[in-house]
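Asks: Turn this into a model:
(chains A, B, C and D)
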2 protein chains.
Amino acid sequence: MTRWLDDDEQRTWRDFLAATQLVHEALDRQLQRDAGMPHTYYMILVALSESPERRMRMSELARRAQCSQSRLSHAVARLEERGWARREPCPQDRRGNIAVLTEQGFDALAAAAPGHVEEVRRSLFDVLTPEQLRALSEICGAVRNTLEG
Amino acid sequence: MTRWLDDDEQRTWRDFLAATQLVHEALDRQLQRDAGMPHTYYMILVALSESPERRMRMSELARRAQCSQSRLSHAVARLEERGWARREPCPQDRRGNIAVLTEQGFDALAAAAPGHVEEVRRSLFDVLTPEQLRALSEICGAVRNTLEG
DNA sequence: GCAGTTTAGTTGAACTCTCATATACTTTGG
DNA sequence: CCAAAGTATATGAGAGTTCAACTAAACTGC
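Replies: Just a heads-up that it's a prediction; the model follows:
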(Lines give C-alpha, C1' and ligand atoms only; values in the text may rest on other atoms or scores of the structure.)
Protein backbone atom coordinates (compact mmCIF):
# COMPACT_ATOMS: atom_id res chain seq x y z
CA MET A 1 0.00 0.00 0.00
CA THR A 2 2.80 2.37 0.89
CA ARG A 3 4.01 4.48 -2.01
CA TRP A 4 7.72 4.17 -1.25
CA LEU A 5 10.19 6.60 -2.77
CA ASP A 6 12.05 5.41 -5.86
CA ASP A 7 15.79 6.01 -6.20
CA ASP A 8 15.42 9.43 -7.78
CA GLU A 9 12.96 10.53 -5.15
CA GLN A 10 15.21 9.19 -2.41
CA ARG A 11 18.08 11.22 -3.72
CA THR A 12 15.97 14.34 -4.03
CA TRP A 13 14.60 13.90 -0.54
CA ARG A 14 17.99 13.37 1.05
CA ASP A 15 19.47 16.31 -0.81
CA PHE A 16 16.55 18.40 0.35
CA LEU A 17 17.06 17.40 3.96
CA ALA A 18 20.81 17.95 3.82
CA ALA A 19 20.62 21.26 1.98
CA THR A 20 17.93 22.84 4.11
CA GLN A 21 19.60 21.67 7.27
CA LEU A 22 22.93 23.08 6.15
CA VAL A 23 21.40 26.47 5.41
CA HIS A 24 19.55 26.62 8.71
CA GLU A 25 22.63 25.56 10.63
CA ALA A 26 24.77 28.15 8.90
CA LEU A 27 22.28 30.86 9.80
CA ASP A 28 21.94 29.79 13.37
CA ARG A 29 25.65 29.50 13.92
CA GLN A 30 26.38 32.88 12.41
CA LEU A 31 23.71 34.65 14.43
CA GLN A 32 24.66 32.92 17.65
CA ARG A 33 28.34 33.61 17.16
CA ASP A 34 28.17 37.21 15.95
CA ALA A 35 24.99 38.50 17.56
CA GLY A 36 24.38 36.16 20.47
CA MET A 37 20.86 35.27 19.45
CA PRO A 38 19.16 32.28 17.86
CA HIS A 39 17.40 32.67 14.55
CA THR A 40 13.99 32.60 16.22
CA TYR A 41 14.77 35.76 18.14
CA TYR A 42 15.98 37.42 14.97
CA MET A 43 12.72 36.64 13.21
CA ILE A 44 10.74 38.05 16.11
CA LEU A 45 12.79 41.24 16.19
CA VAL A 46 12.39 41.64 12.42
CA ALA A 47 8.64 41.16 12.60
CA LEU A 48 8.33 43.72 15.37
CA SER A 49 10.60 46.22 13.66
CA GLU A 50 8.46 46.13 10.52
CA SER A 51 5.24 46.78 12.34
CA PRO A 52 3.94 50.35 12.75
CA GLU A 53 5.24 51.66 16.08
CA ARG A 54 7.19 48.44 16.43
CA ARG A 55 4.47 46.73 18.42
CA MET A 56 2.26 43.76 17.75
CA ARG A 57 -0.24 41.47 19.40
CA MET A 58 1.37 38.22 20.50
CA SER A 59 -0.74 35.99 18.28
CA GLU A 60 -0.16 38.16 15.22
CA LEU A 61 3.54 38.17 16.01
CA ALA A 62 3.55 34.39 16.25
CA ARG A 63 2.06 34.20 12.75
CA ARG A 64 4.52 36.68 11.28
CA ALA A 65 7.54 35.17 12.92
CA GLN A 66 6.31 31.69 12.06
CA CYS A 67 6.50 30.22 15.50
CA SER A 68 4.10 28.61 17.90
CA GLN A 69 2.48 30.71 20.59
CA SER A 70 4.26 28.81 23.28
CA ARG A 71 7.63 29.30 21.64
CA LEU A 72 6.89 32.98 21.18
CA SER A 73 5.80 33.38 24.77
CA HIS A 74 9.01 31.83 26.08
CA ALA A 75 11.12 33.78 23.57
CA VAL A 76 9.59 37.15 24.40
CA ALA A 77 10.19 36.43 28.07
CA ARG A 78 13.89 36.06 27.24
CA LEU A 79 13.84 39.18 25.07
CA GLU A 80 12.36 41.07 28.00
CA GLU A 81 15.16 39.87 30.25
CA ARG A 82 17.65 41.29 27.77
CA GLY A 83 15.76 44.55 27.56
CA TRP A 84 15.05 44.04 23.87
CA ALA A 85 11.28 43.93 24.19
CA ARG A 86 8.54 44.54 26.72
CA ARG A 87 4.93 43.51 27.03
CA GLU A 88 1.94 45.76 27.50
CA PRO A 89 -1.66 44.80 28.12
CA CYS A 90 -4.01 45.27 25.18
CA PRO A 91 -6.69 47.89 25.88
CA GLN A 92 -9.28 46.51 23.42
CA ASP A 93 -9.00 42.92 24.51
CA ARG A 94 -8.00 42.28 28.05
CA ARG A 95 -6.89 38.73 27.26
CA GLY A 96 -4.33 40.14 24.89
CA ASN A 97 -0.74 41.20 25.19
CA ILE A 98 1.22 43.52 22.97
CA ALA A 99 4.91 42.95 22.44
CA VAL A 100 6.88 46.14 21.95
CA LEU A 101 10.39 46.39 20.51
CA THR A 102 12.61 48.61 22.66
CA GLU A 103 15.31 50.96 21.39
CA GLN A 104 17.92 48.48 22.58
CA GLY A 105 16.11 45.70 20.78
CA PHE A 106 16.10 47.72 17.59
CA ASP A 107 19.79 48.46 18.00
CA ALA A 108 20.57 44.79 18.54
CA LEU A 109 18.69 43.96 15.36
CA ALA A 110 20.43 46.71 13.42
CA ALA A 111 23.79 45.42 14.61
CA ALA A 112 22.96 41.84 13.67
CA ALA A 113 21.41 42.47 10.27
CA PRO A 114 24.46 43.04 8.03
CA GLY A 115 26.24 39.89 9.11
CA HIS A 116 23.05 37.92 8.82
CA VAL A 117 22.37 39.10 5.27
CA GLU A 118 25.92 38.24 4.31
CA GLU A 119 25.37 34.73 5.61
CA VAL A 120 22.08 34.43 3.73
CA ARG A 121 23.87 35.34 0.52
CA ARG A 122 26.80 33.05 1.20
CA SER A 123 24.69 30.05 2.03
CA LEU A 124 21.93 30.41 -0.54
CA PHE A 125 21.83 33.26 -3.03
CA ASP A 126 25.44 33.16 -4.12
CA VAL A 127 25.21 29.42 -4.63
CA LEU A 128 22.39 29.49 -7.17
CA THR A 129 21.93 30.85 -10.67
CA PRO A 130 19.20 33.45 -11.29
CA GLU A 131 17.13 30.78 -12.98
CA GLN A 132 17.50 28.43 -10.06
CA LEU A 133 16.45 31.22 -7.72
CA ARG A 134 13.31 31.81 -9.73
CA ALA A 135 12.53 28.12 -9.61
CA LEU A 136 13.21 27.96 -5.87
CA SER A 137 10.94 30.90 -5.26
CA GLU A 138 8.11 29.24 -7.14
CA ILE A 139 8.66 25.92 -5.38
CA CYS A 140 8.70 27.40 -1.92
CA GLY A 141 5.64 29.47 -2.69
CA ALA A 142 3.79 26.33 -3.73
CA VAL A 143 4.84 24.44 -0.61
CA ARG A 144 3.89 27.36 1.54
CA ASN A 145 0.46 27.76 -0.02
CA THR A 146 -0.28 24.09 0.41
CA LEU A 147 0.98 23.54 3.94
CA GLU A 148 0.11 26.87 5.45
CA GLY A 149 -3.64 26.74 5.05
CA MET B 1 28.67 48.02 2.05
CA THR B 2 26.05 45.46 2.90
CA ARG B 3 24.42 43.87 -0.09
CA TRP B 4 20.85 43.97 1.22
CA LEU B 5 18.18 41.80 -0.31
CA ASP B 6 15.88 43.47 -2.84
CA ASP B 7 12.13 42.87 -2.73
CA ASP B 8 12.24 39.77 -4.91
CA GLU B 9 15.06 38.30 -2.89
CA GLN B 10 13.26 39.10 0.33
CA ARG B 11 10.19 37.25 -0.87
CA THR B 12 12.23 34.29 -2.01
CA TRP B 13 14.07 34.14 1.26
CA ARG B 14 10.97 34.34 3.41
CA ASP B 15 9.21 31.74 1.29
CA PHE B 16 12.24 29.53 1.64
CA LEU B 17 12.27 29.88 5.42
CA ALA B 18 8.54 29.32 5.71
CA ALA B 19 8.43 26.38 3.33
CA THR B 20 11.38 24.50 4.75
CA GLN B 21 10.22 25.07 8.28
CA LEU B 22 6.73 23.85 7.42
CA VAL B 23 8.09 20.66 5.91
CA HIS B 24 10.41 19.97 8.82
CA GLU B 25 7.66 20.66 11.33
CA ALA B 26 5.25 18.39 9.52
CA LEU B 27 7.81 15.59 9.57
CA ASP B 28 8.69 16.03 13.18
CA ARG B 29 5.10 16.21 14.31
CA GLN B 30 4.09 13.13 12.36
CA LEU B 31 6.99 11.06 13.65
CA GLN B 32 6.57 12.21 17.21
CA ARG B 33 2.83 11.59 17.16
CA ASP B 34 2.76 8.25 15.35
CA ALA B 35 6.12 6.71 16.23
CA GLY B 36 7.19 8.54 19.38
CA MET B 37 10.54 9.62 18.00
CA PRO B 38 12.07 12.85 16.71
CA HIS B 39 13.29 13.04 13.14
CA THR B 40 16.90 12.84 14.28
CA TYR B 41 16.36 9.39 15.73
CA TYR B 42 14.65 8.30 12.55
CA MET B 43 17.64 9.38 10.48
CA ILE B 44 19.98 7.50 12.77
CA LEU B 45 17.89 4.33 12.61
CA VAL B 46 17.73 4.59 8.82
CA ALA B 47 21.48 5.04 8.51
CA LEU B 48 22.13 2.05 10.74
CA SER B 49 19.58 -0.13 8.98
CA GLU B 50 21.25 0.51 5.63
CA SER B 51 24.68 -0.45 6.83
CA PRO B 52 25.95 -4.01 6.43
CA GLU B 53 25.13 -5.88 9.62
CA ARG B 54 23.28 -2.78 10.80
CA ARG B 55 26.30 -1.41 12.62
CA MET B 56 28.47 1.63 12.16
CA ARG B 57 31.23 3.61 13.79
CA MET B 58 29.89 6.63 15.64
CA SER B 59 31.70 9.20 13.53
CA GLU B 60 30.65 7.59 10.27
CA LEU B 61 27.10 7.43 11.59
CA ALA B 62 27.19 11.10 12.44
CA ARG B 63 28.15 11.89 8.86
CA ARG B 64 25.46 9.69 7.36
CA ALA B 65 22.74 10.89 9.67
CA GLN B 66 23.89 14.49 9.22
CA CYS B 67 24.23 15.34 12.84
CA SER B 68 26.99 16.54 15.09
CA GLN B 69 28.97 14.00 17.07
CA SER B 70 27.69 15.39 20.32
CA ARG B 71 24.10 15.18 19.17
CA LEU B 72 24.66 11.65 17.99
CA SER B 73 26.25 10.63 21.24
CA HIS B 74 23.31 11.92 23.26
CA ALA B 75 20.81 10.44 20.82
CA VAL B 76 22.36 6.98 20.82
CA ALA B 77 22.34 7.06 24.61
CA ARG B 78 18.56 7.56 24.43
CA LEU B 79 18.20 4.86 21.79
CA GLU B 80 20.04 2.49 24.09
CA GLU B 81 17.63 3.28 26.91
CA ARG B 82 14.78 2.31 24.61
CA GLY B 83 16.55 -0.87 23.58
CA TRP B 84 16.71 0.27 19.96
CA ALA B 85 20.49 0.33 19.75
CA ARG B 86 23.54 -0.70 21.69
CA ARG B 87 27.19 0.27 21.63
CA GLU B 88 30.14 -2.03 21.24
CA PRO B 89 33.81 -1.20 21.52
CA CYS B 90 35.69 -1.12 18.24
CA PRO B 91 38.40 -3.83 18.07
CA GLN B 92 40.65 -2.04 15.57
CA ASP B 93 40.61 1.33 17.32
CA ARG B 94 40.06 1.30 21.02
CA ARG B 95 38.98 4.93 21.03
CA GLY B 96 36.10 4.00 18.78
CA ASN B 97 32.56 2.86 19.41
CA ILE B 98 30.26 0.97 17.13
CA ALA B 99 26.54 1.62 17.26
CA VAL B 100 24.45 -1.45 16.54
CA LEU B 101 20.77 -1.48 15.61
CA THR B 102 18.85 -4.03 17.66
CA GLU B 103 15.94 -6.14 16.42
CA GLN B 104 13.60 -3.91 18.38
CA GLY B 105 15.18 -0.85 16.83
CA PHE B 106 14.68 -2.30 13.38
CA ASP B 107 11.07 -3.11 14.20
CA ALA B 108 10.47 0.40 15.46
CA LEU B 109 11.88 1.78 12.22
CA ALA B 110 9.81 -0.62 10.12
CA ALA B 111 6.71 0.43 12.00
CA ALA B 112 7.47 4.12 11.57
CA ALA B 113 8.49 4.09 7.91
CA PRO B 114 5.14 3.89 6.07
CA GLY B 115 3.59 6.80 7.94
CA HIS B 116 6.75 8.80 7.50
CA VAL B 117 6.89 8.26 3.74
CA GLU B 118 3.25 9.24 3.47
CA GLU B 119 4.06 12.47 5.26
CA VAL B 120 7.04 13.11 3.00
CA ARG B 121 4.79 12.76 -0.02
CA ARG B 122 2.04 14.88 1.46
CA SER B 123 4.29 17.69 2.48
CA LEU B 124 6.65 17.82 -0.50
CA PHE B 125 6.34 15.43 -3.44
CA ASP B 126 2.60 15.69 -3.97
CA VAL B 127 2.82 19.46 -3.85
CA LEU B 128 5.24 19.86 -6.75
CA THR B 129 5.19 19.12 -10.46
CA PRO B 130 7.75 16.70 -11.91
CA GLU B 131 9.59 19.64 -13.40
CA GLN B 132 9.69 21.45 -10.08
CA LEU B 133 11.02 18.32 -8.46
CA ARG B 134 13.84 18.11 -10.96
CA ALA B 135 14.66 21.74 -10.33
CA LEU B 136 14.53 21.24 -6.56
CA SER B 137 16.83 18.27 -6.79
CA GLU B 138 19.38 20.26 -8.75
CA ILE B 139 19.13 23.23 -6.41
CA CYS B 140 19.58 21.16 -3.28
CA GLY B 141 22.47 19.31 -4.82
CA ALA B 142 24.19 22.60 -5.57
CA VAL B 143 23.64 23.92 -2.05
CA ARG B 144 24.84 20.68 -0.59
CA ASN B 145 28.00 20.61 -2.69
CA THR B 146 28.83 24.16 -1.73
CA LEU B 147 28.11 24.08 1.99
CA GLU B 148 29.14 20.54 2.75
CA GLY B 149 32.80 20.80 1.85
C1' DG C 1 -28.08 36.69 31.71
C1' DC C 2 -25.80 32.85 32.14
C1' DA C 3 -23.96 28.05 30.93
C1' DG C 4 -20.93 26.45 27.40
C1' DT C 5 -17.47 27.21 24.15
C1' DT C 6 -13.88 29.52 21.88
C1' DT C 7 -9.78 32.54 21.95
C1' DA C 8 -5.36 34.73 24.03
C1' DG C 9 -1.67 33.86 26.34
C1' DT C 10 1.31 31.73 30.03
C1' DT C 11 3.58 28.10 32.46
C1' DG C 12 6.20 23.88 33.89
C1' DA C 13 8.06 19.63 32.80
C1' DA C 14 10.36 16.73 29.75
C1' DC C 15 13.30 16.50 26.12
C1' DT C 16 16.69 17.79 22.54
C1' DC C 17 20.52 20.55 21.01
C1' DT C 18 24.81 23.13 21.38
C1' DC C 19 29.06 24.38 23.28
C1' DA C 20 32.94 23.74 25.96
C1' DT C 21 35.45 20.53 28.22
C1' DA C 22 37.28 16.07 29.53
C1' DT C 23 39.10 11.38 28.63
C1' DA C 24 41.32 7.93 26.36
C1' DC C 25 43.62 6.21 22.67
C1' DT C 26 46.67 6.84 18.31
C1' DT C 27 49.80 8.85 15.32
C1' DT C 28 53.83 11.59 14.38
C1' DG C 29 58.49 13.64 14.50
C1' DG C 30 62.71 13.82 16.19
C1' DC D 1 60.98 5.37 22.22
C1' DC D 2 58.56 9.29 23.96
C1' DA D 3 56.59 13.81 24.10
C1' DA D 4 53.38 16.41 21.36
C1' DA D 5 49.65 16.73 18.48
C1' DG D 6 45.62 14.77 16.65
C1' DT D 7 41.38 11.78 16.71
C1' DA D 8 37.12 9.44 18.69
C1' DT D 9 33.79 9.88 21.83
C1' DA D 10 31.44 11.14 26.15
C1' DT D 11 29.56 14.33 29.36
C1' DG D 12 27.44 18.31 31.86
C1' DA D 13 25.54 22.68 31.85
C1' DG D 14 22.78 26.01 29.70
C1' DA D 15 19.38 27.21 26.41
C1' DG D 16 15.52 26.48 23.28
C1' DT D 17 11.39 23.68 21.95
C1' DT D 18 7.27 21.07 22.54
C1' DC D 19 3.29 19.38 24.70
C1' DA D 20 -0.19 19.43 27.82
C1' DA D 21 -2.36 21.83 31.21
C1' DC D 22 -4.11 26.09 33.01
C1' DT D 23 -6.02 30.98 33.68
C1' DA D 24 -8.62 34.54 32.10
C1' DA D 25 -11.43 36.98 29.13
C1' DA D 26 -14.68 37.15 25.26
C1' DC D 27 -18.25 35.40 22.45
C1' DT D 28 -22.79 32.49 21.54
C1' DG D 29 -27.32 31.04 21.85
C1' DC D 30 -31.09 30.30 24.07
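Asks: Buried by neighbour count: which residues of the helix of greatest length in chain A qualify?
Replies: Longest among the helix segments of chain A by residue count, using DSSP state H, is helix A:7-35. For helix A:7-35, burial by neighbour count (16 or more other C-beta atoms under 10 Å in any protein chain shown) applies to A:9, A:12-24, A:26-28, A:30-31, A:35. Using the backbone N, CA and C atoms, a C-beta is placed for each residue, glycine as well.
Asks: Chain A: strands as residue ranges?
Replies: For chain A, the strands defined by DSSP state E cover A:55-57, A:85-89, A:97-101.
Asks: now, of the ones you listed, which is deepest in the fold?
Replies: Highest mean neighbour count of those: strand A:97-101, a mean of 22 (counted as mean count of other C-beta atoms under 10 Å in any protein chain shown).
Asks: Name the residues that touch it?
Replies: A:44-45, A:48-49, A:53-58, A:61, A:76, A:84-90, A:109 (C-beta atoms under 8 Å, 6 or more residues apart in numbering or on different chains).
Asks: change it to 10 Å
Replies: Strand A:97-101 has contacts (C-beta atoms under 10 Å, 6 or more residues apart in numbering or on different chains) with A:44-51, A:53-62, A:65, A:72-73, A:75-76, A:79-80, A:84-92, A:105, A:108-109.
Asks: partners of it, with directions?
Replies: Strand A:97-101 has its sheet partners listed here by DSSP bridges as strand A:55-57 (antiparallel), strand A:85-89 (antiparallel).
Asks: so which of those comes closest to DNA strand C?
Replies: strand A:55-57 (4.3 Å; C-beta to the nearest atom of the strand).
Asks: Just give me the residue right at the centre of chain A.
Replies: Among the residues of chain A, residue A:43 comes closest to the average C-alpha position under C-alpha atoms, centre = their mean, at 4.0 Å.
Asks: Quick check, residue A:46 in contact with residue A:37.
Replies: No: with contacts counted by C-beta atoms under 10 Å, residue A:46 stays clear of residue A:37, the gap being 11.4 Å.
Asks: More neighbours: these two, which one.
Replies: For residue A:46 versus residue A:37, the count of surrounding residues by other C-beta atoms under 10 Å in any protein chain shown is larger for residue A:37: 22 against 18.
Asks: What count of nearby residues applies to residue A:81?
Replies: 9.
Asks: Show the contacting residues for it.
Replies: So residue A:81 contacts nothing (C-beta under 10 Å, 6+ apart).
Asks: anything in contact with each of residue A:46 and residue A:37?
Replies: Residues touching both residue A:46 and residue A:37 by C-beta under 10 Å, 6+ apart: A:109, A:112, A:116.
Asks: check the residues you listed against DNA strand C, which are close?
Replies: Applying C-beta under 7 Å from any atom of the strand to the shared contacts of residue A:46 and residue A:37, one finds that nothing falls near DNA strand C.
Asks: What about those, which are in helices?
Replies: Under the assignment DSSP H, the shared contacts of residue A:46 and residue A:37 contribute A:109, A:112, A:116 to helices.
Asks: Any idea how many residues pack against the first one?
Replies: So that's residue A:109. 21.
Asks: re the thing from before, is chain B within reach of the longest helix of chain A?
Replies: Yes: using C-beta under 10 Å from any C-beta of the partner chain, we find that helix A:7-35 touches chain B at A:8-9, A:11-27.
Asks: what's residue A:49 in contact with, if anything?
Replies: A:101, A:105-106, A:109-110, A:113.
Asks: again, only this time at 6 Å
Replies: A:101, A:109 (C-beta atoms under 6 Å, 6 or more residues apart in numbering or on different chains).
Asks: Just the pLDDT for it.
Replies: In this prediction, residue A:49 carries a pLDDT score of 98.
Asks: Near whatever residue of chain A ends up closest to DNA strand C, how many other residues are there?
Replies: Nearest residue of chain A to DNA strand C, counting by C-beta to the nearest atom of the strand: residue A:59, 2.8 Å away. Neighbourhood size, residue A:59 [other C-beta under 10 Å]: 13.
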